[in-house]
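Participant: based on what follows, work out the 3D shape:
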Amino acid sequence: MTTVPKAAITLAKQCEGFHRVKRNDPLRLAHPYICPAGFTTIGYGHLCHPNHPPITAAEAETYLAQDLQTALNATLKYCPILATEPENRLAAIVDFTFNLGAGRLKTSTLRRRINQRDWAAVAVELRKWIYGGGKKLPGLVLRREMEAGLLHTPHSPNT
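Facilitator: Modelled structure (predicted):
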């Protein structure tokens with residue numbers, strides 16, 4: 001089993017954050033919230049039912065690890081060439097898949113460009129995925145720029 005690249009974990013945490021923690025909550029529990037695309041999520045962007053009970057930071061970490069492993073498996077299924085590319089290229093696409101889902105990767109021009117190893121075109125395609133709920137979202141613009149930046153960085157600075 002392939003390990004989730006550290007850069008993907010860092011990027012997911014940086015972009016998702018540990019949302020909906022009540023400031024006066026001594027347990028620092030996260031509560032469900034509606035993401036900009038209209039999905040009910042909890043912790044680090046984990047999809048959940050609207051009446052999901054609050055979770056701890058440790059539970060959020062567990063969900064994130066599971067979600068990133070799922071994204072990694074789907075990424076390698078649809079873009080097997082990433083198994084032989086620099087780790088940060090894999091990390092960028094794992095984050096994309098985590099954020100938008102395997103279905104979006106599977107049917108995208110992005111996938112074709114990845115499998116063609118056309119990294120300049122991959123960066124262009126990534127930058128198109130900046131809308132949530134029909135609106136251009138500054139957070140997605142930043143996230144796609146960060147993913148595109150990883151395409152040309154062989155390894156994360158701390159590896």
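
Participant: what about the strands in this protein?
Facilitator: For the chain, the strands defined by DSSP state E cover 33-34, 40-42, 46-47, 131-132, 135-136.

Participant: nearest to residue 147, out of the ones you listed?
Facilitator: For residue 147, the closest of those is strand 131-132, at 15.2 Å, according to Cβ to Cβ. Quick note: C-beta positions are derived from backbone N, CA and C, even for glycine.

Participant: just to revisit the earlier point, looking at the strands of the chain, which is closest to residue 54?
Facilitator: strand 40-42 (8.0 Å).

Participant: pick the most buried one from the strands of the chain.
Facilitator: strand 40-42 (a mean of 20; mean count of other Cβ atoms under 10 Å).

Participant: avg pLDDT for that one?
Facilitator: Strand 40-42 shows a mean pLDDT of 94.

Participant: tally of neighbours for residue 120?
Facilitator: Neighbour count for residue 120, taken as other Cβ atoms under 10 Å: 11.

Participant: state the pLDDT value of the most centrally placed residue in the chain.
Facilitator: For the chain, the residue nearest the mean C-alpha position is residue 95 (3.0 Å; Cα atoms, centre = their mean). Reported pLDDT at residue 95 in the predicted model: 98.

Participant: I'd say it and residue 12 touch.
Facilitator: Yes. Taking contacts as Cβ atoms under 8 Å, residue 95 lies within contact range of residue 12: 5.8 Å.
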